[in-house]
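# show me the folded form of this:
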Amino acid sequence: MSIVFFPENLAEARKRHGLTMRKLSIMSGVHENTIARIERGEFNPSEKTIDKLVEALRIDKKLLCKNDADLTGVEKIRYIQKILDEKLKLVIEIHNKLNMWIEKMPDTPDIEESALLCIKEIMREVNRV
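Residues are numbered from 1 along each chain as shown. Next up, the predicted model:
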C-alpha cells in the first residue's frame, strides 16, 4: 500500500482559504518555490512537509493524500494519468536526446565511445524516475 498525493487539491485548498503561495509559505515554514513545485506536481512532498501544509491550512490530511486502497475510481484514474504523464515526459526526453546524438553523430572511429556516453546519459535519466 502506498500514499497518493494530490497536488491540485493543495492549490485548491490554498485558494479557497484566500492565500497566496507566499502567505502559505510564511504560515507553514515551507519555501514558496517548494509549494509552487508541489502544486505543479513536479515535487512529491515528504510526510513532514504535508503535515506542515495541512496544519497551516487547517484541513484534513485526507484532502491532500490517501492510501491507494482508499482511492475512488476517479482518483485512481487521475493517479494513473499522472504516472503515465511522468513516463511519457521521460520517453520524449530520451527520444529527443537520441535524435540529437544521431544528428551530431561523429563519423570517426570514436563513434562507439560516443554511443556509450550517450547510453550512459540516457540510463541516468531512466534511473532518475
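# flag every buried residue along the longest helix along the chain.
In terms of residue count, the longest helix belonging to the chain (DSSP state H) is helix 73-103. Neighbour-count burial for helix 73-103 flags 79, 82, 101 (criterion: 16 or more other C-beta atoms under 10 Å). The way it works is simple: take the backbone N, C-alpha and C, and place the C-beta from them, glycine included.
# show the pLDDT at Glu47.
If you check Glu47, the pLDDT there is 89.
# neighbours of the closest residue to it other than its chain neighbours, how many?
Distance criterion C-beta to C-beta, 6 or more residues apart in numbering; nearest residue to Glu47, sequence neighbours excluded, is Ile3 at 7.8 Å. Using other C-beta atoms under 10 Å, Ile3 has 14 other residues around it.
# find me the pLDDT at Val129, would you?
Confidence for Val129, expressed as pLDDT, is 56.
# any idea how far Thr49 is from the residue nearest to Glu47?
Distance from Ile3 to Thr49, counting by C-beta to C-beta, to the nearest Å: 13 Å.
# again with Lys76
Noted for Lys76: a distance of 24 Å to Thr49, by C-beta to C-beta.
# and what of Ile92?
Noted for Ile92: a distance of 29 Å to Thr49, by C-beta to C-beta.
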